[in-house]
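[1] sequence and predicted structure are below.
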Amino acid sequence: MDGYYNMSPCRKRRRYPELLLRANKTFRMYSANEGEYMALPPAVPSILSQPTPQSDDGTLSICLSEVRSLAPGTPSRHEFSTQMKKAEMEKLTREEVCQKAVRSPVATTPQSPPAEQVIECAPDMPGLIRAASHSSSQSGNSVRKEGVGSSCTEAEAGLRKAESGTRKVESELRKAEAEEQRAVAETSLLTRKLQRCEYEIKKLRAEAEFFLQEKARSGEETRKAAFKAAVLLEQKKFYMEQQRTEAVRRRLLLLELKKMRQDFVT
């Protein structure tokens, strides 16, 4: 009863998964005794095409080939070939993009490596065709993966190098901009200091001129005062001379009066 499903209610029902063929896995069939997937040998293609048998108790059993996937529509052989062609075209475009990214000096984000492809196989496809397609696709995928992997690693190395170069250039540019801004700030500060010094010099010149003018004015005032003092001294001398002359006159008058009195008495 290996590989069959018993429909009797006494046995526990098992769920059969979809028949999927991955690029890095082999085609497997479920076994009720082993409880796992076992590899389907390509030399025995008639296991999936066996008729539906009956068990000893008269209940019907379903063959694994009669179980269909619950996925929406399994692709046919033509669709399988178109999928393979699309995958090859995508890989070629990725290789071209990687080469362009390596040649271009501008750093771009590295692309993710190609994801693992999952190819659905129709259950009515013979095992030999599946095995042959699996072996050919696996060999082609391995060769393509090696080429794409080497090119992608080279492209990633080139991209990382370009990114490091651009980051270094950007850091140098930022440093130069900072130095330029510092120089501009220093020059503006120096110009302000020079303007302030010029203003202070002008202010000191104006104060010096004012002091000189005041000094000249004070000199004129001192001259005027000295002249007035000299005039006053002259006037004082004149008045003193007048007083002396008056005193002499008085003495002369007194002498004359005395002489006249003596003459009158005699």
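    Good, I have the coordinates. Numbers count the residues shown, from 1 in each chain.

[2] distance check, Tyr239 against Thr153.
    From Tyr239 over to Thr153 the distance is 127 Å, taken as Cβ to Cβ, to the nearest Å. Heads up, the C-betas are built off the backbone N, CA and C, glycines and all.

[3] ah, wrong one, I meant Gln235
    Counting by Cβ to Cβ, the separation of Gln235 from Thr153 is 121 Å.

[4] higher neighbour count, those two?
    Between Gln235 and Thr153, counted using other Cβ atoms under 10 Å, Thr153 has the larger neighbour count: 13 against 10.

[5] and the more buried one, which helix or strand is it part of?
    Secondary-structure element containing Thr153, defined by DSSP states H and E: helix 127-265.

[6] repeat for Lys85
    Element membership for Lys85, per DSSP H and E: helix 77-103.

[7] and the angle for that helix with helix 127-265?
    Using axes from the mean of the first three to the mean of the last three Cα atoms, to 10 degrees, the inter-axis angle of helix 77-103 relative to helix 127-265 is 30 degrees.

[8] average pLDDT across helix 77-103?
    This predicted structure assigns helix 77-103 an average pLDDT of 73.

[9] next: stretch 168-175.
    Averaged over stretch 168-175, pLDDT sits at 90.

[10] repeat that for stretch 189-203.
    So the average pLDDT for stretch 189-203 ends up being 94.

[11] what does that stretch contact?
    Contacts with stretch 189-203, where a contact means Cβ atoms under 8 Å, 6 or more residues apart in numbering, come from no residue at all.

[12] can I get that stretch in PDB? Just the C-alpha atoms.
    Output for stretch 189-203, consisting of C-alpha atoms alone and laid out as PDB, is shown next (Å, rounded to 0.1, in the frame of the first residue of the first chain):
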ATOM      1  CA  LEU A 189      35.400  88.900  11.100                       C
ATOM      2  CA  LEU A 190      38.600  90.600  10.000                       C
ATOM      3  CA  THR A 191      36.700  93.000   7.800                       C
ATOM      4  CA  ARG A 192      34.500  93.900  10.800                       C
ATOM      5  CA  LYS A 193      37.500  94.400  13.000                       C
ATOM      6  CA  LEU A 194      39.100  96.600  10.300                       C
ATOM      7  CA  GLN A 195      35.900  98.700  10.000                       C
ATOM      8  CA  ARG A 196      35.800  99.000  13.800                       C
ATOM      9  CA  CYS A 197      39.500 100.100  13.900                       C
ATOM     10  CA  GLU A 198      38.900 102.600  11.100                       C
ATOM     11  CA  TYR A 199      35.900 104.000  13.000                       C
ATOM     12  CA  GLU A 200      38.000 104.300  16.200                       C
ATOM     13  CA  ILE A 201      40.800 106.000  14.300                       C
ATOM     14  CA  LYS A 202      38.300 108.500  12.800                       C
ATOM     15  CA  LYS A 203      36.900 109.100  16.200                       C
END
